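Peer 1: fold the following.
(chains A and B)
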There are 2 protein chains.
Amino acid sequence: MSKYVFGVDVGGTTVKLGLFDIEGNLLDKWEIPTRPENGGEGILPDVAESIKKKMEEKDVLKKDIVGVGLGAPGPIDAEGTVYGAVNLGWGTFSIRDTLSELLDMPVKAGNDANVAALGEMWKGGGQGCRNLVAVTLGTGVGGGIIVNGEMLTGAVGAGGEIGHMHVEDNETERCGCGNTGCLEEYASATGVVRLAKRKLESCGDPSVLRDIPETELSAKTVFDAVKDGDGLAIKIAEQFGEYLGKGLGTIASIINPEIIVIGGGVSKAGKILFEYISPYFYKTVFKGCGNVKFALATLGNDAGIYGAAKLVLE
Amino acid sequence: MSKYVFGVDVGGTTVKLGLFDIEGNLLDKWEIPTRPENGGEGILPDVAESIKKKMEEKDVLKKDIVGVGLGAPGPIDAEGTVYGAVNLGWGTFSIRDTLSELLDMPVKAGNDANVAALGEMWKGGGQGCRNLVAVTLGTGVGGGIIVNGEMLTGAVGAGGEIGHMHVEDNETERCGCGNTGCLEEYASATGVVRLAKRKLESCGDPSVLRDIPETELSAKTVFDAVKDGDGLAIKIAEQFGEYLGKGLGTIASIINPEIIVIGGGVSKAGKILFEYISPYFYKTVFKGCGNVKFALATLGNDAGIYGAAKLVLE
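Peer 2: This next block holds a predicted model:
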């Protein structure tokens, strides 16, 4: 008899859901809107309803479902308690108990970035590894750490928040978190734009980036210019690579991972990123932890549902 | 019927052994010399012999022993394989299988710093916590990380090597590991002396430290002077606190521990250390990970045997 598992990835605007067999084959995926109003009280009932509907549609019986895994944007501890998720309107409560009661099924929950890291380990860029760091270079810098096959959740579910490690003493602009000099201020998509604007101002070199209206500067335009050999863009990539390479070197010296998987919008620049990250990584990482592979994430927006499904199968 | 466990801490000159009940009461402890000659081939047979002798002496039967835990100075993975331990003459082999065969008992093994961290969690400064960072400020800076009650071993047993995280770009002197700018170069006992010598040279302030022959400068003389209000010594403590506070802030942002336990020779200065570490820690740590307690290690040189015993009871 086949067994199934559901993976759920709750985002600020949509909830992604996936039906998997226990080998990790994605049999179906779909989305429903996220309703954050009234403290997000409708979100988990909507998820439960959608899962029940899919079970009917697919003729899947409850006895054949191993459980439901869920990732959400907030600190979530190993017991499935969320400690506030601003984008969803959520305060502190047990996701596990609430959803488990609605569905009468086993439920596990984790922070979305940690869950996505688990997904990349299971079926993405980190397959075959059990000690992995996943970095998502998007609007911010997200991170997930897998230690011996399990998510590093931490004391209150804030483990793997590598975007907010302190990497620069001389920063004056504040990060969204309230501190100054966080990795996110230089290695995210908006961070690359910040580095670009500063370099365009401080350095007189000619550059194709000067022809682009400031509002249209993006990580993509910068790395496209790097690929075209634009000298100033290359200087920006060097700065980006120094911050991220040293930051990842520090993480690797502490965690000793086998692989670092890089995803998110900035990673669409491709393997050229590694050319700028690697020199600083290998220069600073503890030699005993230096045998690390770099890979690009492969699951894209599906990493969350894959990881959520895997969470239940552990 | 009572059950027992042995904890073994292999050092470069002596092997410490402890007999515990499974509640963690230390019933007996003793030492034997470490014999690193001939590739350290005699070390584990000596340990086995000593355990057998103790069992006879105490009338403890094999059926009442849960197992033997062992910590040793080198990278040791979760399966108990050591990847070379220079001080012991060891190459790569399975400590678990070798000692288990000699004793016909279950054996577990881990890196000595990670094992000591487990000991401090179980019966020392970190009791009641399940997410802990232990820092040993001795000749070098050692570290052990406990995640959800288990040692963070890493891919090849080098997890928790926080002494070699890169914290200073402008360093020219090499660390023992071959890199420059490692935390160990500033926060270890020898690191404090390095900071002191540099400050005595670069700063003209009067100081009691100037009356001490350079060969007798130590972390203790520096922190004794700090306690006496010596201005220059306080500047040295500030530098020490900045490196260590920021370094621990970075670790906490990544790991999200409940507690940081500080031990080793430098920690004998006592709680005054926290006065210099805390401001830099709280300034740089990610706020979501900032709810961290600081404590002094309490088990001293016994942390290793306690942790080794706990390793078997997990």
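Peer 1: can you pull out the helices in the stretch 101-250 of chain A?
Peer 2: Assigned by DSSP state H, counting those that start in this stretch, the stretch 101-250 of chain A shows helices spanning A:112-123, A:184-187, A:189-202, A:219-227, A:231-255.
Peer 1: of these, flag the one that's most buried.
Peer 2: Ranked by mean neighbour count under mean count of other Cβ atoms under 10 Å in any protein chain shown, these are led by helix A:112-123, which reaches a mean of 28. Using the backbone N, CA and C atoms, a C-beta is placed for each residue, glycine as well.
Peer 1: what's it packed up against?
Peer 2: Applying 3 or more Cβ pairs under 8 Å, 6 or more residues apart in numbering or on different chains; DSSP states H and E, we find helix A:112-123 packed against strand A:4-10, strand A:65-72, strand A:132-137, strand A:141-147, strand A:150-151, strand A:259-263, helix A:303-313.
Peer 1: identify the residues contacting the residue nearest the centre of chain A.
Peer 2: The residue lying closest to the centre of chain A (Cα atoms, centre = their mean) is A:Ala113, at 3.8 Å. By Cβ atoms under 8 Å, 6 or more residues apart in numbering or on different chains, the contact list for A:Ala113 reads A:134, A:136, A:142-144, A:160.
Peer 1: now those in a markdown table, with pLDDT, distance to chain B and neighbour count?
Peer 2: Below are the contacts of A:Ala113 laid out as a markdown table (pLDDT from 0 to 100; distance: Cβ to the nearest Cβ, whole Å; neighbours: other Cβ atoms under 10 Å in any protein chain shown):
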| residue | pLDDT | distance to chain B | neighbour count |
| --- | --- | --- | --- |
| A:Ala134 | 97 | 13 | 33 |
| A:Thr136 | 93 | 15 | 27 |
| A:Gly142 | 90 | 13 | 25 |
| A:Gly143 | 94 | 8 | 29 |
| A:Gly144 | 96 | 11 | 31 |
| A:Gly160 | 93 | 7 | 29 |
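Peer 1: so what's whatever residue of the stretch 1-150 of chain A ends up closest to chain B scoring on pLDDT?
Peer 2: Closest approach between the stretch 1-150 of chain A and chain B, counting by Cβ to the nearest Cβ: A:Asn131, at 4.4 Å. As predicted, A:Asn131 sits at a pLDDT of 96.
Peer 1: what is the burial count for the residue nearest to A:Ala295 when sequence neighbours are not counted?
Peer 2: Nearest residue to A:Ala295, sequence neighbours excluded (Cβ to Cβ, 6 or more residues apart in numbering or on different chains): A:Gly125, at 4.0 Å. Using other Cβ atoms under 10 Å in any protein chain shown, the number of residues around A:Gly125 comes to 24.
Peer 1: hang on, the residue of the stretch 1-150 of chain A closest to chain B packs against A:Val261?
Peer 2: No. The criterion here is Cβ atoms under 8 Å, and A:Asn131 misses it with A:Val261 at 11.7 Å.
Peer 1: who are the packing partners of the helix or strand containing A:Val47?
Peer 2: Assigned by DSSP states H and E, A:Val47 belongs to helix A:43-58. Here helix A:43-58 touches strand A:4-10, strand A:14-21, strand A:26-33, strand A:65-72, helix A:95-103, going by 3+ Cβ pairs under 8 Å, 6+ apart.
Peer 1: and these: which comes nearest A:Val193?
Peer 2: strand A:14-21 (25.8 Å; Cβ to Cβ).
Peer 1: contacts made by that closest one with the rest, please.
Peer 2: A:2-9, A:26-34, A:43, A:46-47, A:50-51, A:54, A:58, A:60, A:301-302, A:304-306, A:308-309.
Peer 1: and the stretch 51-200 of chain A, which of its residues are near chain B?
Peer 2: Within the stretch 51-200 of chain A, the positions near chain B by Cβ under 8 Å from any Cβ of the partner chain are A:75, A:78, A:129-131, A:143, A:145, A:147-148, A:150, A:152-162, A:164-166, A:177-179, A:181-182.
Peer 1: a markdown table for the helices of the stretch 101-250 of chain A, including mean pLDDT?
Peer 2: Below are the helices of the stretch 101-250 of chain A laid out as a markdown table (pLDDT from 0 to 100):
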| stretch | mean pLDDT |
| --- | --- |
| helix A:112-123 | 96 |
| helix A:184-187 | 97 |
| helix A:189-202 | 96 |
| helix A:219-227 | 97 |
| helix A:231-255 | 98 |
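Peer 1: picking up where we left off before, next, the residue nearest to A:Ala295: phi, psi?
Peer 2: When read as degrees, to the nearest 10, the backbone of A:Gly125 gives phi -70, psi -10.
Peer 1: so it makes contact with A:Ser267?
Peer 2: No. Counting by Cβ under 8 Å, A:Gly125 stays clear of A:Ser267, with 9.8 Å between them.
Peer 1: can you tell me which residues contact A:Lys52?
Peer 2: So A:Lys52 contacts A:Leu103 (Cβ under 8 Å, 6+ apart).
Peer 1: now the phi/psi pair for the nearest residue to A:Ala78 once chain neighbours are set aside, please.
Peer 2: Computed as Cβ to Cβ, 6+ apart, the closest residue to A:Ala78 that is not its neighbour in sequence is A:Thr153, at 4.7 Å. Note on A:Thr153: backbone dihedrals following degrees, to the nearest 10 are phi -90, psi -40.
Peer 1: my read is that A:Thr153 contacts A:Val147, right?
Peer 2: No. Here A:Thr153 does not reach A:Val147: they are 9.8 Å apart, not a contact under Cβ under 8 Å.
Peer 1: shared neighbours of the two, which are they?
Peer 2: Counting by Cβ under 8 Å, 6+ apart, the residues touching both A:Thr153 and A:Val147 are B:Val147.
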